[in-house]
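Participant: I would like the atomic coordinates for the input below:
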Amino acid sequence: MAVLFRALADPAADLGTTVNITPLTTEHADEVVAIYQAGIDEGDATFETTAPTWEQFDAARMREHRFVALDDDGRVLGWVATAKVSDRRAYAGVVEHSVYVHPAARGRGIATALLRTLVESTEAAGIWTIQAGIFPENTASLAIHGRAGFRVIGTRERIGRHHGRWRDTVLVERRSPLVG
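Facilitator: The predicted structure follows:
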C-alpha cells in the first residue's frame with residue numbers, strides 16, 4: 001500500500017511537497033529508531049527512556065500495519081505501527097498503536113496521513129479497535145487523534161513511573177464503524 005498526499009503545510013512551508021506513505025521496512029530502520037528516540041527525548045511521548053533496537057522494534061510490531069511517511073528524497077518523516085493488545089482470541093481485532101513524526105516535519109499533516117493509512121489498513125484486516133495511551137501533557141497528539149476519529153475513554157491515573165515521577169495516560173480508541 002503506497003499513498004501519496006500533498007503535505008498540509010504552514011504558511012512558511014512549501015505547499016508542493018509530496019509525502020509518500022509506504023510500508024515500514026528494514027530499510028527505514030535507522031531513521032525510524034532515531035525519530036522514536038527524538039520523541040522519547042522530548043519527554044511526553046512514552047514511558048520508554050531509550051528506543052529499542054531495530055530487532056526489538058521489528059519483533060514487537062505487526063508488519064502488516066506499520067507505515068512510514070517519506071519525503072521526495074526518500075527520508076523518513078514519521079512512522080506509525082501497531083502491536084497486538086493480547087494473544088487472546090477475544091481481542092483479535094484490537095491493536096495498540098504509536099505514531100511519531102520527526103520534530104522538523106511536524107505541523108504538515110503527516111501524523112494525520114499516517115493515522116488515515118493505519119485505519120484503512122486495520123479495517124481491511126478486520127480490526128475493530130485501535131487504541132493508545134497518551135500523556136495528557138501531549139496536547140498535540142490528543143488533538144490529532146481526536147481529528148482522526150479517536151475518542152477519550154478515560155484517564156489512567158498514576159499508571160506508571162517516568163523519570164522518577166508518577167504519570168497519567170489518557171486512553172483513546174477508535175472503533176471502526178465498518179468492522180464488528
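Participant: for residue 165, grab phi and psi.
Facilitator: Dihedral pair for residue 165: phi -130, psi 150, per degrees, to the nearest 10.
Participant: what bridges to it?
Facilitator: Counting by DSSP bridges, residue 165 forms beta bridges with residue 162.
Participant: could you check how many residues crowd around it?
Facilitator: The number of residues packed near residue 165 is 7, by other CB atoms under 10 Å. All C-beta atoms are positioned from the backbone trio N, CA, C, and that covers glycine.
Participant: residues contacting the residue most central in space within the chain?
Facilitator: Geometric centre of the chain, nearest residue: residue 99, 1.5 Å, by CA atoms, centre = their mean. The neighbourhood of residue 99, defined by CB atoms under 8 Å, 6 or more residues apart in numbering, consists of 78-80, 111, 114-115, 118, 141, 144.
Participant: let's go with 6 Å and repeat that
Facilitator: Residue 99 makes contact with 80, 111, 114, according to CB atoms under 6 Å, 6 or more residues apart in numbering.
Participant: narrow those to those in helices?
Facilitator: Counted as lying in helices by DSSP state H, out of the contacts of residue 99, are 111, 114.
Participant: I'd like the contacts of residue 99 as a markdown table, with neighbour count, pLDDT and distance to residue 151 appended.
Facilitator: Formatted as a markdown table, these follow (neighbours: other CB atoms under 10 Å; pLDDT from 0 to 100; distance: CB to CB, whole Å):
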| residue | neighbour count | pLDDT | distance to residue 151 |
| --- | --- | --- | --- |
| 80 | 28 | 98 | 18 |
| 111 | 26 | 97 | 17 |
| 114 | 29 | 98 | 19 |
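Participant: as a markdown table, the contacts of residue 99 with distance to residue 68 would be great.
Facilitator: Listed next are the contacts of residue 99 as a markdown table, based on distance: CB to CB, whole Å:
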| residue | distance to residue 68 |
| --- | --- |
| 80 | 8 |
| 111 | 12 |
| 114 | 8 |
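Participant: and which of the contacts of residue 99 is nearest residue 166?
Facilitator: Closest to residue 166 out of the contacts of residue 99 is residue 111 (27.0 Å), distances taken as CB to CB.
Participant: how about the contacts made by the closest one?
Facilitator: So residue 111 contacts 99, 101, 144 (CB under 6 Å, 6+ apart).
Participant: among these, which ones are in strands?
Facilitator: Here DSSP state E is the test, and these give 99, 101 as lying in strands.
Participant: and the contacts of residue 111, which is closest to residue 161?
Facilitator: Nearest to residue 161 out of the contacts of residue 111 is residue 99 (CB to CB; 23.7 Å).
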